[in-house]
Structures are given as structure tokens and as C-alpha cells.
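Student: Any chance you can model this:
(one chain, ligands or ions: 1)
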Amino acid sequence: MIAIKTEQLTYTYSQGTPFEKTAVDHIDLEIEQGEFVGVIGHTGSGKSTLIQHFNGLLKPSFGRVLINGTDLWAPDTNIRDYRFKVGLVFQYPEYQLFEETVFKDIAFGPTNMGMNPEQIKESVYQACHFVGLKEKYLEKSPFELSGGQKRRVAIAGVLAMNPDILILDEPTAGLDPKGRERILGQIKEYHRARHTTVLLVSHSMEDIAKYARKVLVINQSKVAMYDDVAKVFSRAQEITEMGLSVPQITRVFMQLRERGFDVNESVYTMDYAKQEILRLLAEKGV
Ligand SMILES: Nc1ncnc2c1ncn2[C@@H]1O[C@H](COP(=O)(O)OP(=O)(O)OP(=O)(O)O)[C@@H](O)[C@H]1O
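Tutor: Residues are numbered from 1 along each chain as shown. Here you go, the predicted model:
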């Protein structure tokens, strides 16, 4: 099933003024249900503008957005439903925490959805479990927590709505390496357990390589590539020309190939690299 489909999707800011800017330009895209997609692109390429169409925060200037086959802006579509079905985690989402307890903050979405108190409680506890937040924090003020914990509360608030599609815009920005790995690991676990479609916008090619199965490359308001991680990173030259990079380990393996070593050119994670090196050593009888 196709979870997200766009047809000629176009969005122009400040249309008809001297500041007019087309940030999404006639994009046709199909993302399968249950896919884990890394979204990459140069600053200002249009990633945030694109993803804000998927839960109806932005209305296309032209073209259509279909979620699970439903045109979001058709006259009989209730757009509000899609604000819950498609969970959007913004950059620095902890700035949007405002309730007096962590519990109330996470419960905000489920309450608005009209869940009953029992369902709300269950959703909040489940969401806490997924983001690795201990229950003892639920009665604290979100403002007493560390930066990493606040981020988890904010993400839990979106997971508690049990979205079909989860979209995260740089969810680990500003966190230390351990905090980054924890949050991304938990998102991966959520994806595995729920088969939710996940879109992860990131400037870290290492993170994309480690967690995503497909990569969507946005360049100058258009889709430049949408393919499996290995295929995208094997087009290193094109990626570099767009002002992006490939994972460091991919660059190392490309250099090995240039120097005549018979290694796979699309190695993109450390685990894969280890396997390739062991294979090469075995071939050489080392
Ligand atoms: N509210 C706005 N009004 C006018 N122009 C905007 C607005 N928001 C974004 N833009 C412009 O639209 C283009 C795409 O911006 P967008 O934020 O979608 O890019 P991005 O790829 O998400 O960038 P980043 O990686 O920096 O978050 C940029 O040229 C940006 O300046």
C-alpha cells in the first residue's frame, strides 16, 4: 500500500510578491507503507516545506497530496484526522512543551483526539516505554528535565497519538552522540514494533546510513533521487555536487576500490565494512 503519494506537488511562499519562492516544485513521489526513509538535502532545498504537506499543515499551491489513498484537500476529507494520523516532530520540539507535568504534555494529543481517560493513560505509558522515559518522570514538570529527556517527552507526545506515519525533522539536533543514538535506536524500535512509515530528515549521512532503508534526496525544490540507501550512496559524485556528502566509510571504500582492491563500492555502515574487510582478508588467505 502507498502511504504517501504526491502528484505534481508545488508550494510557493509569498506568491505574487517580490519575495516569491517556490520551495517545492512539481514533486511526484510514492512512499510505501512501513518504509523507513531518510530525507536529505542541502539547507534550503525544501525538505521542511515538503514534509509539512503530509499532515496538512501546508496546503499545496498546486498538485495533490494523498495519505493512504485519500486526497488531503478533497472537499469531503476531514483534514483534522490527518493531523493525528501523521505525526510530525519538529526541530527542537521541546520548545513546544507547556503543561505543568510530563504526563499532561504527553497526554495533550490523545486528549484532543477524544480518547477516554483509560486509553489516554495507556497511550502515555506506551509512548514513555518507546522513548525510554521512566514512569517516575510523569509527575514532574517538563522544565525540571535535562535537554535529552525533554526531547523524549516531546517525541512521546507524538507517539502517544499512535500515528500511521511518523515524520521527524532533525530529531537529534543539539544532542550529544549518546543521546542521538538512544533516540534514533528507539525510533527504529518503534518502527520495527508498529510497522509505522517513518521519514527521518537529517544532515547526518552516518545516521541515515545506519537507520534508513531508503533515501529521498531533495535538491533545489525537486526530488533528485529516491532509492535504496546503497544505491543512493553509490552515486557519490552526484551527491557531492549537490553540496551533500556520503558516509565516511563509503568514501574509504571508494578510495580502496580506486587503488585496485576488489571491495564493494556501496559500503555504507561499519558493520557492512567489517564484513567486507573480513571477506577480503579471507580471500587473501590472511
Ligand atoms: N515562511 C517562509 N517564507 C518564505 N520563504 C520561506 C519560508 N520558509 C522557507 N522558505 C524558503 O523556502 C526554501 C525551502 O526552505 P525549507 O525550510 O523547506 O528548506 P530545508 O531543506 O528544510 O532547509 P533546512 O535544512 O535548513 O531546514 C528556502 O529558500 C527558504 O528560505
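Student: Gln220 against Lys47, yeah?
Tutor: No - in this structure, Gln220 is not within contact of Lys47 by C-beta atoms under 8 Å, at 11.8 Å. C-beta here means a position set from N, CA and C on the backbone, and glycine is covered the same way.
Student: Compare the two (neighbour count), which wins?
Tutor: Lys47 (25 against 14; other C-beta atoms under 10 Å).
Student: do you know how far that one is from Gly114?
Tutor: 32 Å (C-beta to C-beta, to the nearest Å).
Student: Over to Glu32?
Tutor: Per C-beta to C-beta, Glu32 is found 30 Å from Gly114.
Student: Look at these two and report which has more neighbours.
Tutor: Glu32 (12 against 9).
Student: How confident was the prediction at the more buried one?
Tutor: Per-residue confidence at Glu32 stands at 98 (pLDDT).
Student: Met115 now?
Tutor: Note on Met115: pLDDT of 94.
Student: which residue sits closest to it in space, ignoring its chain neighbours?
Tutor: Excluding the flanking residues, the one nearest Met115 by C-beta to C-beta, 6 or more residues apart in numbering is Ser123, at 6.5 Å.
Student: Spit out the contact partners of that neighbour.
Tutor: 107, 110, 115, 160-162 (C-beta atoms under 8 Å, 6 or more residues apart in numbering).
Student: any chance you could map the helices in the stretch 51-200 of the chain?
Tutor: 79-85, 102-113, 117-131, 147-159, 177-194 (DSSP state H, counting those that start in this stretch).
Student: Would you reformat those helices as TSV and include distance to the ligand?
Tutor: Listed next are those as TSV, based on distance: least, C-beta to the nearest ligand atom, whole Å:
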stretch	distance to the ligand
helix 79-85	19
helix 102-113	23
helix 117-131	23
helix 147-159	17
helix 177-194	17
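Student: Looking at the ones you listed, which one is packed in the most?
Tutor: helix 147-159 (a mean of 23; mean count of other C-beta atoms under 10 Å).
Student: That one to helix 177-194, inter-axis angle?
Tutor: 20 degrees (axes from the mean of the first three to the mean of the last three C-alpha atoms, to 10 degrees).
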